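1. Based on what follows, work out the 3D shape:
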Amino acid sequence: MAAVWTDLRFAVRELRKRPGFTLTAVLSLALGIGATSAVFSVIYAVLIDPFPYPGSDRIMEIRLVDKEGHDRYAGPTGPQAAVLRQARSIEDVVLMDWWNLTTTDGDLPEDVQAMYIDPNAPNHWSIPALMGRWLIPSDAPPGQTSQPVVVLTYAFWQRYFMGDPKVIGRTIQLVHKPYQVVGVMPPRFKWGNPDMYLPLKVTQDPNIRYGASIKIRSGVNPGQASAELQPIIEEFAKAAPTNYPDKFKVKLRSIVEVYARPLGPTLYLLLGAVASLLLIGCANVSILLLARGTERQHELAVRAAIGAGRMRMVRQLLTESVGIATAGAALGVLLAWKGLALIAANLPEFSFPAESVIKMNVPVLLFSVALTFATAIVFGLWPALQLSRPEIARLL
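-> Here you go, the predicted model:
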């Protein structure tokens with residue numbers, strides 16, 4: 001233990017004697033670790049794991065591409081949705097609508113965003129409720145008035161009901177009408193980003209159109225499903241030509257493609273830049289350590305000549321290299337956390353899914369730290385391994 005403390009004191013003294021070398025090496029490692037870890041964490045949250053829904057690559061939106069190449073959203077009517085559900089490539093179709101409501105059971109009214117969902121396919125998103133249940137078909141029987149039930153988002157439950165664990169069964173007044181709380185969804189379930197979900201009564205009125213989420217069957221790709229829906233939607237266009245382009249091509253686009261990938265080129269370009277920064281930083285440190293080792297040739301040769309063991313010198317240089325790597329890693333982790341918060345705060349609003357959780361990607365952070373330690377140790381020990389040979393000391 002005494003020898004270890006001696007090595008540490010000597011390493012600190014040597015590094016303090018060369019502040020320029022020490023500061024350059026530590027900052028090179030820290031900037032590489034911090035920038036790479038922060039940017040990849042954003043990429044993982046926004047592009048690799050943007051949605052918590054199993055099979056999110058099969059959840060689609062219908063787009064109509066006109067002859068100029070512009071696409072437009074195509075919302076079906078109730079009868080049209082029933083026809084779409086009969087397609088072989090379609091697993092289910094969920095209709096949606098949005099309304100602004102007001103709570104009227106508190107001291108002050110509060111405007112809330114409500115999303116009405118046709119509950120015919122309760123497993124569309126394959127996410128169970130955190131508490132209670134999700135909407136089910138009996139909440140909106142065909143041809144009948146929807147039941148006065150509501151499912152809360154996690155954020156609204158925390159804010160309005162203070163996270164009450166006994167919220168299931170309680171009522172909430174919406175525009176002076178009582179609704180029973182039947183469920184609370186997990187934190188990452190934010191489909192449509194509302195405050196609450198209510199059952200949607202789908203009418204057969206051909207003039208009322210809804211938002212639609214389509215889930216294709218497993219093993220069917222979007223191109224195959226689009227080809228099957230092309231003649232079906234062309235028939236819809238013949239019945240209501242004013243609602244469709246003159247010439248169009250049906251294109252199903254996954255929610256990942258629509259909501260997550262627009263930021264992809266920018267983020268991947270940024271990742272390439274910061275990954276290069278990490279590699280350049282490691283290269284700079286390796287060059288600095290080799291140059292410093294060459295500068296200390298005389299010192300190491302003299303120590304070998306007067307009897308210093310090879311392992312003793314290796315241990316000393318290892319201590320110095322680990323000290324540089326530790327300081328660089330500690331500062332790099334701090335920069336990674338601060339940089340991640342800075343990037344997340346400056347991303348354009350609504351440019352990525354609300355379900356994305358931007359947090360530090362620990363495996364990438366550990367990989368970056370391990371790479372810096374490996375670089376510092378290998379290139380820090382190389383001079384000792386070369387210059388501590390007995391023949392070098394005899395040559396001196």
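
2. Wait, a strand at F352?
-> No: assigned with DSSP: H, G, I helix; E, B strand; the rest coil, F352 falls outside any strand and is coil.

3. where does it fall, phi/psi-wise?
-> Phi and psi for F352, reported as degrees, to the nearest 10, are phi -150, psi 160.

4. What number of residues are in the vicinity of the residue nearest to it when sequence neighbours are not counted?
-> Sequence neighbours aside, V46 is the residue nearest to F352 in space, at 4.5 Å (criterion: C-beta to C-beta, 6 or more residues apart in numbering). Placement of C-beta: from N, CA and C, glycine included. Neighbour count for V46, taken as other C-beta atoms under 10 Å: 24.

5. how close does V46 get to F40?
-> 11 Å (C-beta to C-beta, to the nearest Å).

6. got it, and V182?
-> In terms of C-beta to C-beta, V182 sits 40 Å off from F40.

7. so where do the helices sit in the stretch 1-150 of the chain?
-> Using DSSP state H, counting those that start in this stretch, the helices of the stretch 1-150 of the chain run over 2-17, 19-43, 78-84.

8. By mean pLDDT, flag the weakest helix or strand of the protein.
-> Taking mean pLDDT, DSSP states H and E as the measure, the chain has helix 390-395 as its least confident helix or strand, at a mean of 48.

9. average pLDDT across stretch 266-274?
-> The pLDDT scores in stretch 266-274 average 82.

10. next one: stretch 87-95
-> So the average pLDDT for stretch 87-95 ends up being 94.

11. buried ones in that stretch?
-> A87, S89, I90, E91, D92, V93, V94, L95 (16 or more other C-beta atoms under 10 Å).

12. What is the nearest of the residues you listed to Y154?
-> Set against Y154, the nearest of the buried residues of stretch 87-95 by C-beta to C-beta is V94 (20.3 Å).

13. What degree of burial does S351 show, as a neighbour count?
-> With other C-beta under 10 Å as criterion, S351 counts 12.

14. Who are the contact partners of the residue most central in space within the chain?
-> In the chain, the C-alpha nearest the mean C-alpha coordinate belongs to A45, at 0.6 Å (C-alpha atoms, centre = their mean). A45 sits next to F352, S356, V357, I358, K359 when contact means C-beta atoms under 8 Å, 6 or more residues apart in numbering.

15. if you set the cut-off to 6 Å instead, what comes out?
-> Taking C-beta atoms under 6 Å, 6 or more residues apart in numbering, we find A45 in contact with S356, V357, I358.

16. picking up where we left off before, what touches both of V46 and F40?
-> Contacts common to V46 and F40, judged by C-beta under 6 Å, 6+ apart, are absent.

17. Export the longest strand along the chain to CSV, keeping only CA atoms.
-> Using DSSP state E, we find that the single longest strand of the chain is strand 90-103. Output in CSV follows, covering the C-alpha atoms of strand 90-103 (Å, rounded to 0.1, in the frame of the first residue of the first chain):
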residue,chain,number,x,y,z
ILE,A,90,-54.6,-5.0,-42.4
GLU,A,91,-54.7,-6.2,-38.8
ASP,A,92,-56.9,-3.4,-37.5
VAL,A,93,-57.9,0.2,-37.9
VAL,A,94,-58.4,2.6,-35.1
LEU,A,95,-60.3,5.9,-35.6
MET,A,96,-59.5,9.0,-33.6
ASP,A,97,-60.7,12.6,-33.0
TRP,A,98,-59.6,15.4,-30.8
TRP,A,99,-61.5,17.9,-28.6
ASN,A,100,-60.6,20.6,-26.2
LEU,A,101,-62.6,20.0,-22.9
THR,A,102,-62.8,21.8,-19.6
THR,A,103,-62.7,20.4,-16.1
